[in-house]
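J.: Below are the sequence and a predicted model for it; my questions follow.
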Amino acid sequence: MAKSCILSEEMVTTQIVSRLPPKSLMRFKCVCKLWYKLTILKDKKLTEEEIYHVLRDSSDRKQVLLSLLNLCNNTVGDGPHLQSVVEDFTVPPPMGLAFTLQIVGHCDGIICLSTHAGSDRAALCNPSIKEFKFLPKSCLIHPPNVAYVYHVGFGYDSKAKDYKLVRIALSISYGEHPTRGEIYSLGSNSWREIKTDFRTRVYSTPGSGLYFKGNYYWYAFKQEEPEYHKEFILSFDMSDELFHHTSVPDSFHVTDGCYRSLVVLRESIALLSYEAGYGVPKTFEVWGTEGFGAGKDFWTKYVTIGPLEGIEIPLVFWKTDELLVVTNNASAVSYNLCTQTSKYLPINGAEASDIKAVVYVNSIVSVNRRQ
């Protein structure tokens, strides 16, 4: 007679339930209070990396899709295309009808979306568990007849254990009105104004902002003389809620005809510099610095990529040696720095400027939670 095997509660939760994918965890939260606590209160993140991109429909509806490309545990196939499984998440209106919708940050499976720079509309979503949340209106009251542009950053405050969105309001009339700032807390679901004591302009080019290890970074500049703009990296610490400035290589300046992108490489912030202009061969310079953000801003050119024909926009390093880029025919390509070969991702029906990407990790962190 076979003996029955009774698994301990600890084994069930730590060895079985905790390893389930987000969708299964959300279904099983109704089994008992312990499982509910495990799935809702514990921020569960998976190990496999996936990439999201924004795809705008070419039809009159201008429907916006977030498309999850599971790159099969990071395995690259032998053919010209990456092996992947695609799953789409439709962005609801009115965000889903915005032509200039942007991914302005992502953290722990939560993606922050914002409309064009002249709008203060923003939303959070977790595609893994199909949750979407429109954020309340801004708390800032601006002077009449003054137009502002907004730059947004999203990240995690490890001290308060809260997700935050910081928004900088810059008047279009540079220097005539002060910069203003506000911060949104997911825990309180509200905005409050924060102090800003700088007059800075932030670039709106692809890759000009990203979140990394408790800080959000923007590529910015300041007009010091009528014909001279000093470039630097502006950052915001999600915990102490202070802004900081980091210098960039001395050779970088506004008039050199190049774009800059912020990327994460080798577990640090790095810079991509490449030629502006459509249809020209692109050469990408990758710059990095040891001890970034610790006052040791000694930049070194890591590598030069190219020149590459038909490449328009760099997106993200999804591996140390794999750079995801957009071609001039609106294809997404993964370029391998070691082999100097390219592989295509299954993206169709988008304009080149509409494709955005982040390296995404599944989670069950709810955007509807309250502390």
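T.: Sure, I can see it.

J.: rest of the way, CA atoms for contacts and neighbours
T.: Fine.

J.: Around Pro281, count how many other residues there are.
T.: Applying other CA atoms under 10 Å, we find 17 residues neighbouring Pro281.

J.: who's in contact with the closest residue to it other than its chain neighbours?
T.: Closest residue to Pro281 apart from its sequence neighbours, by CA to CA, 6 or more residues apart in numbering: Glu309 at 4.7 Å. Glu309 sits next to 280-282 when contact means CA atoms under 8 Å, 6 or more residues apart in numbering.

J.: Point out the least confident member of the residues you listed, please.
T.: The lowest pLDDT within the contacts of Glu309 belongs to Val280, with 80.

J.: secondary structure element for it?
T.: Under the criterion of DSSP states H and E, Val280 resides outside all helices and strands.

J.: ok, now Phe236?
T.: For Phe236, the host element (DSSP H and E) is strand 228-237.

J.: What strands line up against that strand, and which way round?
T.: Each strand that pairs with strand 228-237, with its direction, by DSSP bridges: strand 215-225 (antiparallel), strand 243-247 (antiparallel).

J.: Contacts for that strand next, please.
T.: Applying CA under 8 Å, 6+ apart, the contact partners of strand 228-237 are 214-224, 242-248, 252-254.

J.: Check stretch 191-207 too.
T.: The contact list for stretch 191-207 (CA under 8 Å, 6+ apart) reads 136, 138-140, 151, 170, 175, 178-185, 218-223, 243, 259-263, 313-315.

J.: do the same with stretch 176-187
T.: Outside of stretch 176-187, the residues that reach it under the criterion CA under 8 Å, 6+ apart are 138-140, 162-171, 190-200, 367, 369-371.

J.: one step back: which ones among the contacts of stretch 191-207 are found in strands?
T.: Using DSSP state E, the members of the contacts of stretch 191-207 that fall in strands are 151, 170, 180-185, 218-223, 243, 259-263, 313-315.

J.: Just the buried residues of the residues you listed.
T.: Neighbour counting by 16 or more other CA atoms under 10 Å classes 151, 170, 180-185, 218-221, 243, 259-263, 313-315 among the ones in strands among the contacts of stretch 191-207 as buried.

J.: Quickly run through the sheet partners of whichever helix or strand Ser334 is part of, with directions.
T.: Secondary structure assignment for Ser334, by DSSP H and E: strand 332-336. If you go by DSSP bridges, strand 332-336 pairs up with strand 322-327 (antiparallel), strand 341-344 (antiparallel).

J.: Dump those strands to CSV, plus distance to Cys107, mean neighbour count and mean pLDDT.
T.: Shown next, in CSV, are the strands paired with strand 332-336 (distance: least, CA to CA, whole Å; neighbours: other CA atoms under 10 Å; pLDDT from 0 to 100):
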stretch, distance to Cys107, mean neighbour count, mean pLDDT
strand 322-327, 19, 21, 86
strand 341-344, 26, 17, 84
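
J.: Quick check: phi and psi at Ile305.
T.: phi -110, psi 130 (degrees, to the nearest 10).

J.: how many neighbours does it have?
T.: Ile305 has 14 neighbouring residues, counting by other CA under 10 Å.

J.: how about the strands in the stretch 251-371 of the chain?
T.: Secondary structure of the stretch 251-371 of the chain, counting by DSSP state E, counting those that start in this stretch: strands at 258-265, 268-275, 282-289, 299-308, 311-319, 322-327, 332-336, 341-344, 357-360.

J.: Please name the nearest non-neighbouring residue to Thr115.
T.: Nearest to Thr115 is Leu101, by CA to CA, 6+ apart, at 4.4 Å.

J.: There's contact between the one you found and Cys112 in this structure, I believe.
T.: No - using CA atoms under 8 Å, Leu101 is not in contact with Cys112; the gap is 10.4 Å.

J.: quick revisit: model confidence score at the residue nearest to Pro281, please.
T.: Residue-level pLDDT assigned to Glu309 equals 86.

J.: buried ones in the strand holding Phe236?
T.: In strand 228-237, counting by 16+ other CA under 10 Å, buried: 229-237.

J.: for stretch 238-249, same thing?
T.: Neighbour-count burial for stretch 238-249 flags 238-239, 243, 246-249 (criterion: 16+ other CA under 10 Å).

J.: which residues in the protein form helices?
T.: For the chain, the helices defined by DSSP state H cover 9-11, 22-28, 33-41.

J.: Lowest average pLDDT across the ones you listed?
T.: When the helices of the chain are compared by mean pLDDT, helix 33-41 comes last with a mean of 48.

J.: Kindly state the beta-bridge partners for Cys258.
T.: Going by DSSP bridges, Cys258 forms beta bridges with Glu275.

J.: Hmm, it is touching Lys282, no?
T.: No - between Cys258 and Lys282 there is no contact under CA under 8 Å: 10.2 Å.

J.: which residues do the two both contact?
T.: By CA under 8 Å, 6+ apart, the residues touching both Cys258 and Lys282 are 274-275.

J.: Those two: which is more packed in?
T.: It is Lys282, of Cys258 and Lys282, that has more neighbours when counted by other CA under 10 Å, with 22 against 15.

J.: what are the bridge partners for the more buried one, then?
T.: Beta-bridge partners, per DSSP bridges, of Lys282: Leu308.

J.: ok, now which ones touch it?
T.: Neighbours of Lys282 in contact, by CA under 8 Å, 6+ apart: 274-275, 306-312.
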